[in-house]
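Asks: Dropping the sequence and predicted coords here.
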Amino acid sequence: MSFQPPKGTDDIGAPQSSVWRSVLGEWEEWSARFGYPLVMNPIFEATELFQRGVGDTNEVVTKQMYTFTDRGGRSVTLRPEGTAGVVRAFLASGSLGAWKGAYSGPMFRYERPQGGRRRQFWQVGVEYLDVEAPPSDVEVIELGYRYLGAVGVPGLEVRLNSLGDGVCRPGYVEELRSFLRSRYEELCEESKPLVDTNPLRVLDCKICAPKLKDAPAMADRLCDDCSAHFKEVKETLTRLDVPFVEDHRLVRGLDYYTRTAFEYIARELETAQNAVGGGGRYDGLAEALGGRRTPGVGFALGVDRIILATGREPRSEVDVFVVSEVPAADALVAASRLRREGIRVDFDSEGRSIKTQFRAASRSGAPVTVVLRSLDEPVDVRTQDGLRVGVPLGELADWLKARSG
Ligand code: HAM
């Protein structure tokens, strides 16, 4: 059999996984700072959830889902995104009132793999449910913006649009449909069927969009309520110093959005996949699932793309490597003492030659190697910058902590 991972998936281990650990660790901090507790939902759900939630004519649902029948004869799907599952879980809990959740985990879409587009990819995201006032939209947008800035996404840009609601959007969609019918012959083969099923998505087509610059824009057709909502979102973003670019062509790839829609773009990412995240408001989603009206807003960020964009260098996750001249069990005793003091330690459990152990120490990237001659003698400490000094084992943890400041 082949040992390669399935097409469009990746095996991620050291040292690259150190970048993942830091980027995901910072997500835990930032999402908590904005008051979003961790929420963990199933990775597979009933297929119907995505058909009803994401939209059964949406490309993600019709072409990209990993759907199978389980042994009990139920149709289930590996989640292509996290929002529908979070809303389902909220409805199942019977909770009432404002609710927040942050998630982090793999999503699955059967797409043509390329740089930044994977079949299994990792999203971090938040959902803020049963809230409708503009400050909730703004808080969510700000969280994504601050986090992406903190992890160092270069050329970060927030693109913003309003997609209207059940009052103003149906009229706009009809107007857009008539416009697209009048230009039908100019559309690409993939967009033509969308004129009937989902005309908004045509605006998102990279081939057709440049030819449709004169298409009517939703932002010019907003009803009074949507218009006031959008205005407050923009004004408050400005007050928080969150820069944004209004983009009237932004429609998003999933069908549940109403009012605010946004994307985070890494302009410097040299790939067609430069959206590092996106989100928006989805006031009708809970009802589309058959639940009570539950307005909400959220986003998801693509961690694979964030890591491509930041170009962060992997770092050693070991502080100290113990090279031992005594049996490996003694090295483990020494390592264990240091680990209990909070030091990250590795050693060679096979008790191989000193030369082999030094090679392993160097491969580990640990900034400090200690040579253990006995558990009672001072260890010989060697740092990457050339320092050599003897330190009693019992004082080593403090010595290391003082050194790293
Ligand atoms: P989405 O725009 O489909 O939104 O995905 C969000 C982000 O996930 C994208 O901007 C991208 O960075 C990443 N992503 C999507 N597909 C792939 C892929 N095949 N490979 C690598 N990265 C990918 C959603 O998923 C919504 N659930 C976001 C949301 C939350 N809206 C409201 N709440």
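Replies: In hand now; what should we look at?
Asks: Assign residue 253 to one of the three secondary structure states.
Replies: Following DSSP: H, G, I helix; E, B strand; the rest coil, residue 253 is assigned to coil.
Asks: Who's the closest spatial neighbour of residue 27, skipping the chain neighbours?
Replies: Computed as C-beta to C-beta, 6 or more residues apart in numbering, the closest residue to residue 27 that is not its neighbour in sequence is residue 124, at 4.6 Å. Placement of C-beta: from N, CA and C, glycine included.
Asks: Now do the contacts for the residue of the stretch 251-400 of the chain found nearest the ligand.
Replies: Nearest residue of the stretch 251-400 of the chain to the ligand: residue 302, at 2.3 Å (C-beta to the nearest ligand atom). Residues in contact with residue 302 (C-beta atoms under 8 Å, 6 or more residues apart in numbering) are 116, 121-123, 275-277.
Asks: hmm, which two among those are most spread apart?
Replies: 122 and 275 (14.9 Å; C-beta to C-beta).
Asks: Look at the two and report which has more neighbours.
Replies: Between residue 122 and residue 275, residue 122 has the larger neighbour count (other C-beta atoms under 10 Å), namely 22 against 19.
Asks: Nearest residue to residue 293 in space, please, no chain neighbours.
Replies: Closest to residue 293 by C-beta to C-beta, 6+ apart is residue 287, at 5.6 Å.
Asks: Residues of the stretch 301-405 of the chain that sit close to the ligand?
Replies: 302, 304-305 (C-beta under 6 Å from any ligand atom).
Asks: Turn those residues into a markdown table, including distance to residue 99 and secondary structure.
Replies: Output for those, formatted as a markdown table (distance: C-beta to C-beta, whole Å; DSSP: H, G, I helix; E, B strand; the rest coil):
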| residue | distance to residue 99 | secondary structure |
| --- | --- | --- |
| 302 | 24 | strand |
| 304 | 28 | helix |
| 305 | 28 | helix |
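Asks: Now these in TSV, please, with extra columns for pLDDT.
Replies: Shown next, in TSV, are those (pLDDT from 0 to 100):
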residue	pLDDT
302	98
304	97
305	96
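Asks: related to what we said a few turns ago, could you verify my assumption that the residue nearest to residue 27 touches residue 300?
Replies: Yes: contact status for residue 124 versus residue 300: in contact at 7.1 Å, counting by C-beta atoms under 8 Å.
Asks: Looking at the two, which is more packed in?
Replies: Per other C-beta under 10 Å, whichever of residue 124 and residue 300 has more neighbours is residue 124, with 25 against 22.
Asks: Just confirm the more buried one is within a strand.
Replies: Yes: Residue 124 forms part of a strand when assessed by three-state DSSP.
Asks: so what's it up against?
Replies: 24, 27, 31, 102-104, 300-301, 303.
Asks: Just send those residues back as CSV, with pLDDT, distance to residue 60 and secondary structure too.
Replies: Formatted as CSV, the contacts of residue 124 follow (pLDDT from 0 to 100; distance: C-beta to C-beta, whole Å; DSSP: H, G, I helix; E, B strand; the rest coil):
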residue, pLDDT, distance to residue 60, secondary structure
24, 98, 24, helix
27, 98, 23, helix
31, 98, 24, helix
102, 98, 22, strand
103, 98, 18, strand
104, 98, 20, strand
300, 98, 13, strand
301, 98, 17, strand
303, 98, 19, helix
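Asks: Most neighbours among these, please name it.
Replies: residue 301 (26 neighbours).
Asks: measure it to residue 191 for me?
Replies: To residue 191, residue 301 is 28 Å away according to C-beta to C-beta, to the nearest Å.
Asks: For residue 79, report the pLDDT, please.
Replies: Looking at residue 79, its pLDDT reads 98.
Asks: Next, give phi and psi for it.
Replies: Main-chain dihedrals, residue 79, degrees, to the nearest 10: phi -60, psi 130.
Asks: Against residue 154, how distant is it?
Replies: Distance from residue 79 to residue 154, by C-beta to C-beta: 30 Å.
Asks: Looking at the two, which is more packed in?
Replies: More neighbours surround residue 79 than the other of residue 79 and residue 154, with 24 against 11 (other C-beta under 10 Å).
Asks: rewinding a little: can you tell me which of the contacts of residue 302 are buried?
Replies: 116, 121-123, 275-277 (16 or more other C-beta atoms under 10 Å).
Asks: So which of those is the closest to residue 292?
Replies: Among these, and counting by C-beta to C-beta, the member closest to residue 292 is residue 123, at 26.5 Å.
Asks: Now do residue 48 against residue 93, distance only.
Replies: 19 Å.
Asks: I meant to write residue 373 there.
Replies: Distance from residue 373 to residue 93, by C-beta to C-beta: 59 Å.
Asks: Specify which residue of those two has the higher count of neighbours.
Replies: residue 373 (14 against 9).
Asks: Could you find the closest non-adjacent residue to residue 173?
Replies: Nearest one to residue 173, counting by C-beta to C-beta, 6+ apart, is residue 199 at 5.9 Å.
Asks: Kindly report the same for residue 190.
Replies: residue 205 (6.8 Å).
Asks: Tell me how many other residues surround the one you found.
Replies: Residue 205: 17 neighbours (other C-beta under 10 Å).
Asks: Next, the contact list for it, please.
Replies: 187-188, 190-191, 194.
Asks: Surely residue 232 touches residue 136?
Replies: No: with contact defined as C-beta under 8 Å, residue 232 does not reach residue 136; the gap is 11.0 Å.
Asks: For these two, indicate the residue with more neighbours.
Replies: residue 136 (22 against 15).
Asks: need the strands for the stretch 1-150 of the chain, in chain order.
Replies: Here the stretch 1-150 of the chain has its strands, by DSSP state E, counting those that start in this stretch, at 44-46, 66-69, 75-78, 99-108, 120-129.
Asks: repeat for the stretch 301-405 of the chain
Replies: 320-324, 345-347, 368-372, 379-383, 388-391.
Asks: What of the stretch 151-300 of the chain?
Replies: 156-162, 245-246, 258-266, 275-281, 296-302.
Asks: can you put those strands in CSV and add distance to residue 112?
Replies: Below are the strands of the stretch 151-300 of the chain laid out as CSV (distance: least, C-beta to C-beta, whole Å):
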stretch, distance to residue 112
strand 156-162, 24
strand 245-246, 28
strand 258-266, 21
strand 275-281, 16
strand 296-302, 16
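Asks: Okay then, goodbye and thanks.
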